[in-house]
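A.B. asks: Here is a sequence together with a model predicted from it:
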Amino acid sequence: MDLNEHIIAAVDRYWADDVHILGAWSDGEASACVVYSRTIDPALILGQRFEFNAAAADGTVEGYARDIAINLAEPIGAAAKASRQDQYGILWVALRGSDPPPRLPADVADRVS
């Protein structure tokens, strides 16, 4: 399973009532992007890019995906300072520096348009 599939499985298992994934895709060998909404702020569509490394969580992709699922359900807090909206209105959380928001796959773009 790819990181995005592990994230979807973790959200479905632990946070299905709180987080609705609108799209998730691989963005490299060990990274994934997730576009989602939450019950605490349903009008807001959020996006995040995650990159797994061996120091993340418990060192496993599964453990990292569980941590991501928790983060998706929680308020974005201080990460809001490094967040920017894209042309679809998705608020991309914690973008690094001048990194552009990730490019959406066509099916995700259709879903959020």
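C.D. replies: Great, that's in hand.

A.B. asks: how about the helices in this structure?
C.D. replies: Assigned by DSSP state H, the helices in the chain fall at 3-14, 61-73, 106-112.

A.B. asks: With distance to F52, mean pLDDT and mean neighbour count as added columns, please give these in CSV.
C.D. replies: (Glycine included, C-beta is placed from N, CA and C.) As requested, those are exported to CSV (distance: least, Cβ to Cβ, whole Å; pLDDT from 0 to 100; neighbours: other Cβ atoms under 10 Å):
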stretch, distance to F52, mean pLDDT, mean neighbour count
helix 3-14, 5, 96, 19
helix 61-73, 5, 95, 19
helix 106-112, 21, 96, 13
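
A.B. asks: among those, which is nearest K81?
C.D. replies: helix 61-73 (15.9 Å; Cβ to Cβ).

A.B. asks: circling back: need the helices of the chain in CSV (columns: distance to G28).
C.D. replies: Output for the helices of the chain, formatted as CSV (distance: least, Cβ to Cβ, whole Å):
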stretch, distance to G28
helix 3-14, 9
helix 61-73, 13
helix 106-112, 17
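
A.B. asks: so A56 touches A65, yeah?
C.D. replies: No: at 9.8 Å, A56 and A65 do not qualify as touching, with contact defined as Cβ atoms under 8 Å.

A.B. asks: Can you name the residues that contact G47?
C.D. replies: C33, V34, V35, Y36, D86, I90, L91, W92, V93, P101, P102 (Cβ atoms under 8 Å, 6 or more residues apart in numbering).

A.B. asks: so which of the residues you listed is the most crowded?
C.D. replies: Greatest neighbour count in those, by other Cβ atoms under 10 Å, goes to V34: 27 neighbours.
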